[in-house]
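*Asks:* Build me a model:
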Amino acid sequence: MTARPGPSAYARLVLRIIDARTGEPADAAPARRGLTRVEAHVPGSDTTDLRVLLVADLLVRALEIGGTPVWALLPGGGHRRAELRARATALGIHPFEDGPDAGAGLGRAQAVHVAAEGGPAPDGIRIAVAPVRPDPPDVADPADPAVLRLALLARHHSAGVRLEAAALHEAGATLARWRSAVARWARHPSRPVPDDVRTRLRDAWEDDLDLPGVLGVLRRVEHDPDLPDGARFETYAYADRLLGLDLTRDLGTSS
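*Replies:* Numbers count the residues shown, from 1 in each chain. Next up, the predicted model:
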């Protein structure tokens, strides 16, 4: 059973993002921990659109881990909305509420807009997501969608992604290794996530959703000879609340 930290463990979390309008850091959550409205502005269903929705999903997850209530919205229409939702569900993206005026009536609720680089979005704090290239169907949709999710997480959202077979192969190998290791570590007595490891994970995702930084912490944990396996397991299970890679999928199957 995975140990769950108490509320005090997240008391210091202050998620800051770089506002694409100004280039300056901005708090993603209101100072008084009120509601944050996260709007993903996605006109189509290609892999760049999917990446925009993924970044919005990561923002929602990070805010919720920090105790901020979130309203996740997918405003506007889009002629390929059903296809986008199907791909998003496969990728483990939480549902976003539909509707062109879904955010109306929230008064002073903080709003963060997530949109493609150069794409339209209302005034307000904005996260700009760099494009994914190339986007051929046989490369963009691997058999295990979590492989695509990890390949997209491996680059900061402000950096473009070259989505080629080699990148997906590397992501698939890493995912398989981590799932196998998590299943193996789960067979050992549980140990808490070390405080310094939790701090490094939190510092990474608080800093403009630095997911490559989070993955780097996990790589160090994987090979740290001083960490007990039970602590490795709890660390990966904790980080996966943000990553959404289903790292505990193979529990009970490792020999």
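
*Asks:* Please, where are all the strands along this structure?
*Replies:* Secondary structure of the chain (DSSP state E): strands at 16-18, 25-27, 36-41, 70-74, 97-98, 110-116, 125-129, 132-133, 161-162.

*Asks:* JSON lines for those strands, including mean neighbour count, distance to R202 and mean pLDDT?
*Replies:* Heads up, the C-betas are built off the backbone N, CA and C, glycines and all. Output for the strands of the chain, formatted as JSON lines (neighbours: other Cβ atoms under 10 Å; distance: least, Cβ to Cβ, whole Å; pLDDT from 0 to 100):
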{"stretch": "strand 16-18", "mean neighbour count": "19", "distance to R202": "12", "mean pLDDT": "94"}
{"stretch": "strand 25-27", "mean neighbour count": "15", "distance to R202": "15", "mean pLDDT": "93"}
{"stretch": "strand 36-41", "mean neighbour count": "24", "distance to R202": "18", "mean pLDDT": "93"}
{"stretch": "strand 70-74", "mean neighbour count": "22", "distance to R202": "18", "mean pLDDT": "93"}
{"stretch": "strand 97-98", "mean neighbour count": "13", "distance to R202": "28", "mean pLDDT": "88"}
{"stretch": "strand 110-116", "mean neighbour count": "24", "distance to R202": "19", "mean pLDDT": "93"}
{"stretch": "strand 125-129", "mean neighbour count": "23", "distance to R202": "19", "mean pLDDT": "96"}
{"stretch": "strand 132-133", "mean neighbour count": "18", "distance to R202": "27", "mean pLDDT": "90"}
{"stretch": "strand 161-162", "mean neighbour count": "17", "distance to R202": "25", "mean pLDDT": "92"}
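
*Asks:* Nearest approach to V197 belongs to which of those strands?
*Replies:* Ranking these by proximity to V197 (Cβ to Cβ) places strand 16-18 first, at 20.9 Å.

*Asks:* Residues in contact with the closest one: which ones?
*Replies:* 24-28, 59, 112, 125, 127, 158, 206-209 (Cβ atoms under 8 Å, 6 or more residues apart in numbering).

*Asks:* Same question for stretch 241-254.
*Replies:* Stretch 241-254 is contacted from outside by 2, 57-58, 61-62, 65, 92-93, 146, 149-150, 153, 175, 178-180, 182-184, 186-187, 205, 211, 214-215, 236-237, 239-240, using Cβ under 8 Å, 6+ apart.

*Asks:* Could you identify the buried members of those?
*Replies:* 57-58, 61-62, 65, 93, 146, 149-150, 153, 175, 178-179, 182-184, 186, 205, 211, 214-215, 236-237, 239-240 (16 or more other Cβ atoms under 10 Å).
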